[in-house]
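In: Structure for the following, please:
(chains A and B)
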Amino acid sequence: GAVVSQHPSWVICKSGTSVKIECRSLDFQATTMFWYRQFPKQSLMLMATSNEGSKATYEQGVEKDKFLINHASLTLSTLTVTSAHPEDSSFYICSARDPNLNQHYNEQFFGPGTRLTVL
Amino acid sequence: QKEVEQDPGPLSVPEGAIVSLNCTYSNSAFQYFMWYRQYSRKGPELLMYTYSSGNKEDGRFTAQVDKSSKYISLFIRDSQPSDSATYLCAMTKAAGNKLTFGGGTRVLVKP
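Out: Numbering: from 1, shown residues only, chains lettered A, B, ... in the order given. The predicted structure follows:
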């Protein structure tokens, strides 16, 4: 099946610094990737939809200048949390769709997540 | 009011029992209904998806959708300790659209 990886799996940073998280589709080309945030014991909240070669579409309430998304290639999307603060500490998960799969549903394949802790 | 409601649990059952999970939703435009399993500190894994109303069975898992009641269910038969995880329902209006998730139900299957 399709595999999505994330790097790093966990990161600790100081308040005010920026952190970059990578999301890669390993065995398929993903024209669309999604970025989610999940707080402890809560569900996944979609942050933005990332389309290769174009600007990301952010969900209401998500600051696009704080959460920079770049989808420069068909296998890589990055999320940069700029000037991170303790309230940004969360579990960040990406997902990707394989447009070549002949599926009625067009499944999203999820990465393993990145745990960010801002001190 | 959230678009998708799901009891957070935890739901504790003995090994071998049937696990019954459900979600309710408010948006009648949802057409595709999914169930994901998420182990602690891991990404979600798709278990089943159903299009529109009806039942679907896959091994020990059965998914049911009742669009008239805006209610979906997942049943896990012969539950195993390895089924202990958080189960998330999700739904979308059209294939390829963004997913709307429920809050997840934590399930614990005791040996």
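In: contacting residues for the closest residue to chain A within chain B?
Out: Nearest residue of chain B to chain A (CB to the nearest CB) works out as B:Gly43 at 3.6 Å. (Glycine included, C-beta is placed from N, CA and C.) Listed by CB atoms under 8 Å, 6 or more residues apart in numbering or on different chains, the contact partners of B:Gly43 are A:4, A:6, A:93, A:95, A:110-113.
In: try 10 Å
Out: With contact set as CB atoms under 10 Å, 6 or more residues apart in numbering or on different chains, B:Gly43 has these partners: A:4, A:6, A:36, A:38, A:44, A:91, A:93-95, A:109-114, B:36.
In: pretty sure it is in a helix, no?
Out: No: with DSSP: H, G, I helix; E, B strand; the rest coil as the criterion, B:Gly43 is coil rather than part of a helix.
In: how close does it sit to B:Gln1?
Out: 28 Å (CB to CB, to the nearest Å).
In: just A:Ser43 next, same as before
Out: 15 Å.
In: Those two: which has the busier surroundings?
Out: Set side by side, A:Ser43 and B:Gln1 show more neighbours around A:Ser43, with 22 against 4, by other CB atoms under 10 Å in any protein chain shown.
In: okay, the residue of chain B closest to chain A: pLDDT?
Out: B:Gly43 is assigned 91 on the pLDDT scale.
In: May I have the residues that are in contact with the closest residue to B:Ser28 other than its chain neighbours?
Out: What sits nearest to B:Ser28 in space, not counting adjacent residues and going by CB to CB, 6 or more residues apart in numbering or on different chains, is B:Lys70, at 6.9 Å. Under the criterion of CB under 10 Å, 6+ apart, the neighbours of B:Lys70 are B:4-5, B:23-28, B:30, B:91.
In: Can you flag which of those residues belong to strands?
Out: Using DSSP state E, the members of these that fall in strands are B:4-5, B:23-25, B:91.
In: Close to chain A: what parts of chain B are there?
Out: Residues of chain B found near chain A (CB under 10 Å from any CB of the partner chain) are B:2, B:4, B:6, B:8-9, B:31-34, B:36, B:38-39, B:41-46, B:49-51, B:86, B:88-90, B:92, B:94-104, B:106.
In: So how do I select the buried members of these in ChimeraX?
Out: Here is the ChimeraX command that selects the buried residues among the residues of chain B next to chain A (16 or more other CB atoms under 10 Å in any protein chain shown):
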select /B:4,6,9,31,32,33,34,36,38,42,43,44,46,49,50,86,88,89,90,92,98,99,100,101,102,103,104,106
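In: Sort out for me which of the residues of chain B next to chain A are in helices.
Out: Secondary structure assignment (DSSP state H) places none of the residues of chain B next to chain A within helices.
In: Looking at the residues of chain B next to chain A, which are in strands?
Out: Reading strands off the residues of chain B next to chain A with DSSP E, I get B:4, B:6, B:32-34, B:36, B:38, B:45-46, B:49-51, B:86, B:88-90, B:92, B:100-101, B:106.
In: Give me the pLDDT for residue 97.
Out: I went with chain A, as the question did not name one. At A:Arg97, the pLDDT value in this model is 85.
In: um, chain B though
Out: Per-residue confidence (pLDDT) for B:Asn97: 79.
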